[in-house]
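A.B. asks: My questions are about this predicted structure, shown below with the sequence.
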Amino acid sequence: MTKLTLIALLTATTLSTASADGMFSMNDMMKDMTDAAKDMKNEMTDMTKDMKDSATKMKDEASDIQDETKSATDAKKEEVTEAKEAPKK
């Protein structure tokens, strides 16, 4: 009977130790996963901000090109009007 009690005690101790080790490594794993998720979120936020800045810059450049095109078109229209109104020889 004492052998059976001793074996049961050793088995319970081994299982308790294994469970405790498993819990600590589980906590480490959860911490690592949480940190990885936070890093991914930060990277996505940074990438989103960069994309927004790029889109704003492209919009501003397109607006500048539109203004330049309008100015050039107006200048050519004025030249054509002056040529039409000029006295013919």
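C.D. replies: Arrived safely. Since the structure is predicted, the reported quantities are computational estimates derived from the model, not experimental observations.

A.B. asks: Okay, and residue 74 sits in which element?
C.D. replies: Here residue 74 is covered by helix 2-85, with elements defined by DSSP states H and E.

A.B. asks: Against which helices or strands is that helix packed?
C.D. replies: The helices and strands touching helix 2-85, judged by 3 or more CB pairs under 8 Å, 6 or more residues apart in numbering; DSSP states H and E, number zero. The C-beta positions use only the backbone N, C-alpha and C, and glycine is treated the same way.

A.B. asks: For it, what is the distance to the chain centroid?
C.D. replies: Here the centre of helix 2-85 is set off from its chain's centre by 2 Å, with CA atoms, centre = their mean, to the nearest Å.

A.B. asks: can you list the weak-confidence ranges in the chain?
C.D. replies: Along the chain, the parts satisfying pLDDT under 70 run over 1, 17-24, 88-89.

A.B. asks: quick one: contacts for residue 51?
C.D. replies: The neighbours of residue 51, taking CB atoms under 8 Å, 6 or more residues apart in numbering as the test, come to nothing; the list is empty.
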